[in-house]
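Q: Below is the sequence, then the predicted model.
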Amino acid sequence: MKYKEIGYRITIAREEAGLNQTELADMLGISQATLSNYEKGKRRVYLPQLQKIADALGKPMDYFSLPIDMDLHPPEAGYNEVKELLQIMMELNDLPKEDRKSVIDYIRWLKSRREE
């Protein structure tokens with residue numbers, strides 16, 4: 001399992017729990033920067049820390065070890081689109097919040113042009 005996949009799962013679980021990085025980091029007793037590095041896959045998450053994260057987010061440990069693509073969507077029509085969207089989400093995760101908002105604004109602008 002790649003660090004980025006585990007990090008992506010941490011991000012998704014954190015957002016599902018309605019927490020920002022600072023809130024979860026405080027719950028875990030780590031810095032926001034450390035949590036950010038976990039989520040970006042830039043730092044290894046050891047099992048004891050992953051267990052704390054799982055407990056804090058109400059997820060079973062195996063949630064973080066399943067392959068991302070396969071458990072979300074089985075290989076069928078549209079599978080490549082799902083992989084592409086997951087890649088976009090992982091890239092967006094590396095951007096600062098203001099830049100992510102700019103990307104969303106751009107997407108909305110593109111959609112509005114098509115609706116005209």
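A: Looks like it came in fine.

Q: Can you tell me the SS state at Arg44?
A: Following DSSP: H, G, I helix; E, B strand; the rest coil, Arg44 is assigned to coil.

Q: my guess is it contacts Lys2, does it?
A: No: applying CB atoms under 8 Å as the test, Arg44 and Lys2 come out as separate, 10.8 Å apart. In this view, the C-beta of every residue, glycine as well, is placed from N, C-alpha and C.

Q: Domain parsing of this structure, as residue ranges.
A: Following automatic domain parsing, one gets these domains for the chain: 3-64, 76-115.

Q: So for the first one, mean pLDDT?
A: Domain 3-64 comes out with an average pLDDT of 93.

Q: how far does it stretch from start to finish?
A: End-to-end distance for domain 3-64: 10 Å, by CA to CA, to the nearest Å.

Q: how far does that domain sit from the chain's center?
A: Mean-position distance between domain 3-64 and its chain equals 9 Å (CA atoms, centre = their mean, to the nearest Å).

Q: Would you mind giving both backbone torsions of Ile30?
A: The phi/psi pair for Ile30 (degrees, to the nearest 10) reads phi -130, psi 170.

Q: How much space separates it from Asp99?
A: Taking CB to CB, to the nearest Å as the measure, Ile30 falls 25 Å from Asp99.

Q: With Leu50 instead?
A: Per CB to CB, Leu50 is found 28 Å from Asp99.
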